[in-house]
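Trainee: sequence? don't have it. structure:
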């Protein structure tokens, strides 16, 4: 058996970068203290979800990975606590910026994944900030197993989950910032969960998603084109097992940690036994590339 | 609005071919009478699930599409009732045999799909009978919308659903024969549903699955290698909406019809609005073909 405890942190992201990193750190320390080896924070947790509005001045938030405040802080924390922690951050490289994830493992930076699929919905105006990622989907051999990780909107694409699974992922992680849809006026939380439960069930591996909570308001100004809006992030962070069953889920609006323990060796055995990888027919899948 | 009512027939497949076709016809007539335009029967409903055992003599069950008893009968029935009905049958072509689906639309044969993914589990010994399909995944423009249809084990593969969706499917159909796992000793029914709920949720289109029910026993004989076994097919046929939510579900062991009505035009609008097709990045999906 190869037991690993996965935690997802659901938190509000308000105030300064320093405050958010401190609050995230306190929750990470709590999860570690309760036995978690792999801990997932929400997407872009250093700040309120700045993509709600378009402001050129927010481009200044982007920084190279080793200059990012959260990465710098959590390299120390992961070394101290002996944990694996993906850190979602706004990355600058030359004249481009990415929505990126730094994979930290016990004080080491294992690599960076850049969000492949960039949304552009009312008040989720990410195409203004982020170039679609150029890393491809990635997995990393960590202290606690081979993890695949992608970011928020990527979670809606079965291709991303499947490719990580084919690279040998044992577990999929999705830091997230999703909430209300002021124009479509829909609550997508159950839909959102079912897509990822499907990834878990089809690829026969656990999936964890950590979402933010809280209502974030934007006031009109000349710089944002006089936009007035608000988003309420719906939480509902969850961890599903290898059959897609939700093992633990956070409530709407609750700042909390959820945790689940998995036997990665037993799950790998089940993955073989079920035969879905044996029976794939890649020569019939060209249509995916259209 | 383009309203269509979809029905899934859950039935036991016992006795002769003639008896099964008659029982299926009675259920199809009932579903049509209650307003269904598209009706789905279980996989290989003409017979008990003969793939539970290996017998060379069962090769004789395979026939070209126009010689299949169910296809012949239901061409007449679909013309009379003005319905769309995929008919699952054991197809012979030259020296090969396929697990196939004939798409019948108001008395016309629109085409054939051959099952792409062939399982080979204890007592689901399909690789003994069926050559993996060579048609690729297919959609058909029917009287009641563009449908995608695949067969049983195909339902476990996100690639199949995605490719049908990319071909413009508005609705996915899966005739099925799934039940107990005498060796793995697992009840996969919820797992099975979640994989397909994931297809519905990720591709933003309804999914229907029609399964058989009943316990089917195999007695030892020289021809089957002295195999003694039984399978209990678990039913749990269901129809999910475009968010993956199950709208109607049949109970374990119940011979019944389930039905759900969808506005395919409204769903097409939702599919555009959600943006997941807009934001796909096929150039990043080469890994699917590995």
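Mentor: Now that the structure is in, tell me what you want to look at. Because the structure is predicted, anything quoted here is derived from the model rather than measured.
Trainee: the stretch 1-150 of chain A against chain B: which residues are in contact?
Mentor: A:116, A:117, A:118, A:119, A:120, A:121, A:132, A:136, A:137 (Cβ under 8 Å from any Cβ of the partner chain). Using the backbone N, CA and C atoms, a C-beta is placed for each residue, glycine as well.
Trainee: please report how far residue A:195 lies from residue B:287.
Mentor: Separation of residue A:195 from residue B:287 (Cβ to Cβ, to the nearest Å): 19 Å.
Trainee: and the two? Which one has more around it.
Mentor: Neighbours per residue, other Cβ atoms under 10 Å in any protein chain shown: of residue A:195 and residue B:287, the larger number sits with residue A:195, 27 against 18.
Trainee: hang on, the more buried one packs against residue B:201?
Mentor: Yes. Taking contacts as Cβ atoms under 8 Å, residue A:195 lies within contact range of residue B:201: 4.4 Å.
Trainee: residues shared between the contacts of those two?
Mentor: Common neighbours of residue A:195 and residue B:201 (criterion: Cβ atoms under 8 Å, 6 or more residues apart in numbering or on different chains): residue B:244.
Trainee: residue of chain A closest to chain B, please.
Mentor: Closest approach of chain A to chain B (Cβ to the nearest Cβ) occurs at residue A:198, with a separation of 1.2 Å.
Trainee: tell me the contacts of the residue positioned nearest the centre of chain A?
Mentor: Nearest to the geometric centre of chain A sits residue A:175, at 1.5 Å (Cα atoms, centre = their mean). Residues near residue A:175 by Cβ under 8 Å, 6+ apart: A:40-43, A:45, A:86, A:88, A:101, A:149, A:151-152, A:209-210.
Trainee: between the residues you listed, which sits nearest residue A:165?
Mentor: The nearest member of the contacts of residue A:175 to residue A:165, counting by Cβ to Cβ, is residue A:149 at 12.6 Å.
Trainee: doesn't residue A:86 make contact with that closest one?
Mentor: Yes. Residue A:149 is within contact range of residue A:86, at 5.0 Å (criterion: Cβ under 8 Å).
Trainee: hang on, isn't residue A:115 packed against residue A:153?
Mentor: Yes. Judged on Cβ under 8 Å, residue A:115 makes contact with residue A:153 at a distance of 7.0 Å.
Trainee: for chain A, what spans make up the strands?
Mentor: Counting by DSSP state E, chain A has strands at residues A:3-12, A:38-40, A:84-93, A:96-105, A:108-114, A:139-142, A:145-149, A:171-175, A:207-210, A:212-218, A:229-234, A:238-240, A:246-249, A:256-263.
Trainee: for these, give me JSON lines that also has mean pLDDT and distance to residue B:92.
Mentor: Listed next are the strands of chain A as JSON lines, based on pLDDT from 0 to 100; distance: least, Cβ to Cβ, whole Å:
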{"stretch": "strand A:3-12", "mean pLDDT": "98", "distance to residue B:92": "50"}
{"stretch": "strand A:38-40", "mean pLDDT": "98", "distance to residue B:92": "52"}
{"stretch": "strand A:84-93", "mean pLDDT": "98", "distance to residue B:92": "53"}
{"stretch": "strand A:96-105", "mean pLDDT": "98", "distance to residue B:92": "52"}
{"stretch": "strand A:108-114", "mean pLDDT": "98", "distance to residue B:92": "49"}
{"stretch": "strand A:139-142", "mean pLDDT": "98", "distance to residue B:92": "44"}
{"stretch": "strand A:145-149", "mean pLDDT": "98", "distance to residue B:92": "43"}
{"stretch": "strand A:171-175", "mean pLDDT": "98", "distance to residue B:92": "42"}
{"stretch": "strand A:207-210", "mean pLDDT": "98", "distance to residue B:92": "42"}
{"stretch": "strand A:212-218", "mean pLDDT": "98", "distance to residue B:92": "58"}
{"stretch": "strand A:229-234", "mean pLDDT": "97", "distance to residue B:92": "53"}
{"stretch": "strand A:238-240", "mean pLDDT": "99", "distance to residue B:92": "42"}
{"stretch": "strand A:246-249", "mean pLDDT": "98", "distance to residue B:92": "45"}
{"stretch": "strand A:256-263", "mean pLDDT": "98", "distance to residue B:92": "45"}
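Trainee: look up the closest residue to residue A:187, ignoring the ones flanking it.
Mentor: Once flanking residues are discounted, residue A:187 sits nearest to residue A:234: 7.1 Å by Cβ to Cβ, 6 or more residues apart in numbering or on different chains.
Trainee: neighbours around the one you found, how many?
Mentor: 21.
Trainee: contacting residues for it?
Mentor: By Cβ under 8 Å, 6+ apart, the residues touching residue A:234 are A:178, A:179, A:180, A:187, A:189, A:211, A:213, A:252, A:253.
Trainee: again, 10 Å this time
Mentor: Applying Cβ atoms under 10 Å, 6 or more residues apart in numbering or on different chains to residue A:234 gives the contacts A:176, A:178-180, A:187-189, A:192, A:211-214, A:251-253.
Trainee: just the buried ones from those?
Mentor: A:176, A:178, A:179, A:180, A:188, A:189, A:192, A:211, A:212, A:213, A:214, A:253 (16 or more other Cβ atoms under 10 Å in any protein chain shown).
Trainee: tell me how far the ends of stretch A:60-74 are from each other?
Mentor: 21 Å (Cα to Cα, to the nearest Å).
Trainee: how far does that stretch sit from its chain's centre?
Mentor: Going by Cα atoms, centre = their mean, to the nearest Å, the spacing between the C-alpha centre of stretch A:60-74 and its chain's C-alpha centre is 17 Å.
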